[in-house]
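Novice: Build me a model:
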Amino acid sequence: MIFLTLNFDFMKYNILTWQQASRQANDLKDFFSLAPTPSEEPCTQAGHEIESQLMECQAYIKQLIRYNGTPPEGAEFFIIENNTHDFGIYYEAGIWFIPTPPEAEYYSPSEEYANRCEIGPDRWDHAAKEELRRQGHPFYQPAKVVPIRKTA
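Specialist: This next block holds a predicted model:
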């Protein structure tokens, strides 16, 4: 069941609640909750500016794809809406993958990819910052130039 679809820059990611994602997970399909931003970057606080949170998740997913390459079959990104925080709803990137069977020697390609995404980059790359700026994210707008007046 899809709760909402996000469409910034012509890319779409399904938005599922944590409960919806958990109900869909099984022995053939599982997911990781990743994060809304790279680990060393600030993120929009829970319960505030939903549009900014969604922009961050989308930019992070795109950066993970740039960082790790195209997802293999069975790996698919989505956005998780979580409403269990005391301060309100927050969003984070998620990734579906095909779990490795217990008898296998190596991770499935999609689980290996998901593991790399879970580690993720520490900082935004230039393309992500530019995307956030272009979409109007409040953290990434150019500084305002204030003219200085000379006093006599």
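Novice: Report the buried residues of stretch 68-86.
Specialist: Asn68, Pro71, Pro72, Gly74, Ala75, Glu76, Phe77, Phe78, Ile79, Ile80, Glu81, Asn82 (16 or more other Cβ atoms under 10 Å). Every residue, glycine included, has its C-beta placed from N, CA and C.
Novice: same check, this time on stretch 145-152
Specialist: Neighbour counts over stretch 145-152 (16+ other Cβ under 10 Å) mark no residue as buried.
Novice: go on, stretch 122-136?
Specialist: Of the residues in stretch 122-136, Trp124, Ala128, Lys129, Glu131, Leu132, Gln135 count as buried by neighbour count, 16+ other Cβ under 10 Å.
Novice: Make a markdown table out of those residues and add pLDDT and secondary structure.
Specialist: As requested, the buried residues of stretch 122-136 are exported to a markdown table (pLDDT from 0 to 100; DSSP: H, G, I helix; E, B strand; the rest coil):
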| residue | pLDDT | secondary structure |
| --- | --- | --- |
| Trp124 | 96 | coil |
| Ala128 | 95 | helix |
| Lys129 | 94 | helix |
| Glu131 | 93 | helix |
| Leu132 | 93 | helix |
| Gln135 | 90 | coil |
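Novice: between the buried residues of stretch 68-86, which is nearest Met55?
Specialist: The nearest member of these to Met55, counting by Cβ to Cβ, is Ile79 at 10.9 Å.
Novice: That closest one pairs with what?
Specialist: Ile15, Ala93 (DSSP bridges).
Novice: Thought Ala93 was touching it, still the case?
Specialist: Yes: when contacts are counted by Cβ atoms under 8 Å, Ile79 is listed as touching Ala93 (6.2 Å).
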